[in-house]
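*Asks:* build the 3D model from these lines:
(chains A and B)
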There are 2 protein chains.
Amino acid sequence: MSILVVGSVALDTVKTPFGRCKDILGGSATYFSVSASFFEPNVNLVAVVGNDFPPKYVNLLKEKGIDLKGMVTKKGKTFRWEGEYGWDFSNPETIATHLNVLSRFNPAIPREYRNSEYVFLANIDPQIQKQVLNQMARPKLVACDTMNYWIENKRKALVKLLKKVDIFLLNESEAKELAGDASLVKAARAILKLGPKKIIVKKGEHGSLLFSGNSVFSTPAYLMESIFDPTGAGDTFAGGVLGYLAACKTQNQANLRRAIVYGSVMATFAVEDFSLRRLAAITRADVVRRFKEFRKLTHF
Amino acid sequence: MSILVVGSVALDTVKTPFGRCKDILGGSATYFSVSASFFEPNVNLVAVVGNDFPPKYVNLLKEKGIDLKGMVTKKGKTFRWEGEYGWDFSNPETIATHLNVLSRFNPAIPREYRNSEYVFLANIDPQIQKQVLNQMARPKLVACDTMNYWIENKRKALVKLLKKVDIFLLNESEAKELAGDASLVKAARAILKLGPKKIIVKKGEHGSLLFSGNSVFSTPAYLMESIFDPTGAGDTFAGGVLGYLAACKTQNQANLRRAIVYGSVMATFAVEDFSLRRLAAITRADVVRRFKEFRKLTHF
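*Replies:* Below you'll find the predicted structure:
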């Protein structure tokens, strides 16, 4: 099996109550791919960086075994995002967004990647997400993420894309906004009717929900004593979900549920330090240990 | 086994986006006792009502098999609470509180109740909660609830009481306020040090947490399509927890976890209609069915 992710590779400047870090490795494709690499060795990354992108970050991704043929270097600066979190860590305040080379991102999928069985379309313009899909042969599973900006400004393109999507990941407020319904259950049902086979609603510190057909799976979050930097948690979660699914090949309900728990587990590592510091330092054994703790925490 | 509950029996006036009901049956002891009666036939209620308390409500409690020897009728009006919920249903706005006969509530525990093995001290002045405990013989399990008002105004009495408590139920913001810590995990650990053997943190639509020693149990809420009136959900939850524990006699971790899920299940019925309308109409089979659905919803 192989996984393709198309998204951003970024240099983030993040301020939290614990400190501030400048130009640290970030981006949806980065978090996703490192997370997925714990489960599936063949992770193909498509993104664009500027010629200021530090070689040490390239090396970090290479050491995780991520295939970077699809990571193109363009003349100019790498995409930069600057944000600040308060004590509640729920929504960061965006201080600055400099798209730089990302503003001309028009991903060409390398020939070797077109047979990837698992595809993750990270949060980018749904029209570009669609163009990516058009270049793929016959993916076994397509998952996509989005954000309120696209719901508000590219709704038509997003709804069109959803018909081609197996797993649609979004957060609680996005689900309610997309469906125009304050009841999350009703909103999820309405979104399922738009086409995606399954929806995963991310609720941050309150866990996540999987809606598929008439079945629902609800899981709390792993209990964290403290959060250090929540940047990338959602993409790390998605990396765990798709990585695990790719590794176990069949997508029955039991595997899907475990995939979501593995996604939650990966996200807990992401938020324990700035950037990918903790995520890049853990071992597969750490992941399995926390998965087992998660079961102990929730089963009755 | 028998359960004693000491708390309020009230006439509530509740407004929600779905309508307004005046002088309907409410009160912590009411919700608790009806909920507990589904598991344990011997539920003893200690409360005070005025001579305006409608006989139909007395009959409702009697039909559920609740022992009312401890429900004293005093000259004057029954305790009244008036509140209004918005669409998010999280915190009601209190429009009016008329303590009436409750202002002179000084519960005398009938001799026949003093051997009750399970005691629930609903949300009242912690000094009165302590006085109740002093009248009891040797309860097997003492649980208590509180509210931000007592944390702020009767902190010393509350902390003293907690040393005698086996299960302390409180909501997330109360836990953080009592411990003075924004991290719920740290707050829970600090509260455990004050004396209670176990803490149950109620998180409403986000489920609940059980802290005991080094063990934690986390459960999401049952998924509700819509909520009608959340009044009494917390006391109904407590009734399910203590009712189930009393029925299964031993309090090991497995029973405690199931008790919490039964508590959550009972609360879902409470919020499906105004007052105790739905709660009083369901059968034991409805409860068991929803418990099984809860397991399906959460296990992986």
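*Asks:* what residues does the residue positioned nearest the centre of chain A make contact with?
*Replies:* Centrality entry for chain A: nearest residue to the mean C-alpha point is residue A:235, 2.1 Å, by C-alpha atoms, centre = their mean. Counting by C-beta atoms under 8 Å, 6 or more residues apart in numbering or on different chains, residue A:235 makes contact with A:7, A:28-32, A:35, A:122, A:145. Yep, even glycine has a C-beta here, placed from its N, CA and C like the rest.
*Asks:* now render those as CSV, adding pLDDT, distance to residue B:276 and neighbour count.
*Replies:* Below are the contacts of residue A:235 laid out as CSV (pLDDT from 0 to 100; distance: C-beta to C-beta, whole Å; neighbours: other C-beta atoms under 10 Å in any protein chain shown):
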residue, pLDDT, distance to residue B:276, neighbour count
A:7, 98, 51, 28
A:28, 98, 49, 26
A:29, 98, 53, 28
A:30, 98, 53, 32
A:31, 98, 48, 32
A:32, 98, 49, 34
A:35, 98, 47, 33
A:122, 98, 49, 27
A:145, 98, 44, 26
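*Asks:* still on that earlier bit, and the pLDDT for the residue nearest to the centre of chain A?
*Replies:* For residue A:235, the model assigns a pLDDT of 98.
*Asks:* now residue A:87
*Replies:* We have a pLDDT of 81 for residue A:87.
*Asks:* for residue A:272, see how far away the residue in the stretch 1-150 of chain A that chain B sits nearest to is.
*Replies:* Nearest to chain B in the stretch 1-150 of chain A, going by C-beta to the nearest C-beta, is residue A:87, at a distance of 5.8 Å. Going from residue A:87 to residue A:272 by C-beta to C-beta, to the nearest Å gives 17 Å.
*Asks:* neighbour count winner among these two?
*Replies:* Neighbour totals were compared for residue A:87 and residue A:272, and residue A:272 leads with 18 against 10 (other C-beta atoms under 10 Å in any protein chain shown).
*Asks:* can you pull the contacts of the more buried one?
*Replies:* Residues near residue A:272 by C-beta under 8 Å, 6+ apart: A:224, A:227-228, A:278.
*Asks:* closest one to chain B out of the residues you listed, please.
*Replies:* Nearest member of these to chain B, counting by C-beta to the nearest C-beta, is residue A:224, at 7.1 Å.
*Asks:* tell me how many other residues crowd that closest one.
*Replies:* Count around residue A:224 with other C-beta under 10 Å applied: 16.
*Asks:* sticking with residue A:263, tell me its helix or strand.
*Replies:* Assigned by DSSP states H and E, residue A:263 belongs to helix A:253-270.
*Asks:* is that helix in proximity to chain B?
*Replies:* Yes: Helix A:253-270 lies within reach of chain B by C-beta under 8 Å from any C-beta of the partner chain, at A:254, A:257-258, A:260-261.
*Asks:* next helix or strand past that helix?
*Replies:* Next element after helix A:253-270 (DSSP H and E): helix A:284-298.
*Asks:* that next one to helix B:253-270, inter-axis angle?
*Replies:* Relative orientation of helix A:284-298 and helix B:253-270, computed by axes from the mean of the first three to the mean of the last three C-alpha atoms, to 10 degrees: 60 degrees.
*Asks:* so is helix A:284-298 next to chain B?
*Replies:* Yes: Helix A:284-298 comes into contact with chain B (C-beta under 8 Å from any C-beta), by way of A:295, A:297-298.
*Asks:* which residue packs closest to residue A:222, ignoring adjacent ones?
*Replies:* Nearest in space to residue A:222, with sequence neighbours left out and distances taken as C-beta to C-beta, 6 or more residues apart in numbering or on different chains, is residue A:268 at 4.7 Å.
*Asks:* how near is the one you found to residue A:287?
*Replies:* 10 Å.
*Asks:* and what of residue A:187?
*Replies:* From residue A:187 to residue A:287 the distance is 32 Å (C-beta to C-beta).
*Asks:* more neighbours: which of the two?
*Replies:* Neighbours were counted for residue A:187 and for residue A:287 using other C-beta under 10 Å; residue A:187 has more, 23 against 20.
*Asks:* extract the CA atoms of the helix or strand hosting the more buried one and return them as PDB.
*Replies:* Residue A:187 belongs to helix A:184-192 when elements are defined using DSSP H and E. C-alpha atoms of helix A:184-192 as PDB (Å, rounded to 0.1, in the frame of the first residue of the first chain):
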ATOM      1  CA  LEU A 184     -24.300  18.100  15.300                       C
ATOM      2  CA  VAL A 185     -26.100  14.800  14.700                       C
ATOM      3  CA  LYS A 186     -28.500  16.400  12.200                       C
ATOM      4  CA  ALA A 187     -25.600  18.300  10.600                       C
ATOM      5  CA  ALA A 188     -23.600  15.100  10.200                       C
ATOM      6  CA  ARG A 189     -26.600  13.300   8.600                       C
ATOM      7  CA  ALA A 190     -27.000  16.200   6.200                       C
ATOM      8  CA  ILE A 191     -23.400  16.200   5.200                       C
ATOM      9  CA  LEU A 192     -23.500  12.400   4.600                       C
END
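*Asks:* which neighbouring elements make contact with that helix?
*Replies:* Secondary-structure packing of helix A:184-192 (3 or more C-beta pairs under 8 Å, 6 or more residues apart in numbering or on different chains; DSSP states H and E): helix A:172-179, strand A:198-202, strand A:208-212.
*Asks:* among the ones you listed, which is nearest chain B?
*Replies:* strand A:208-212 (7.5 Å).
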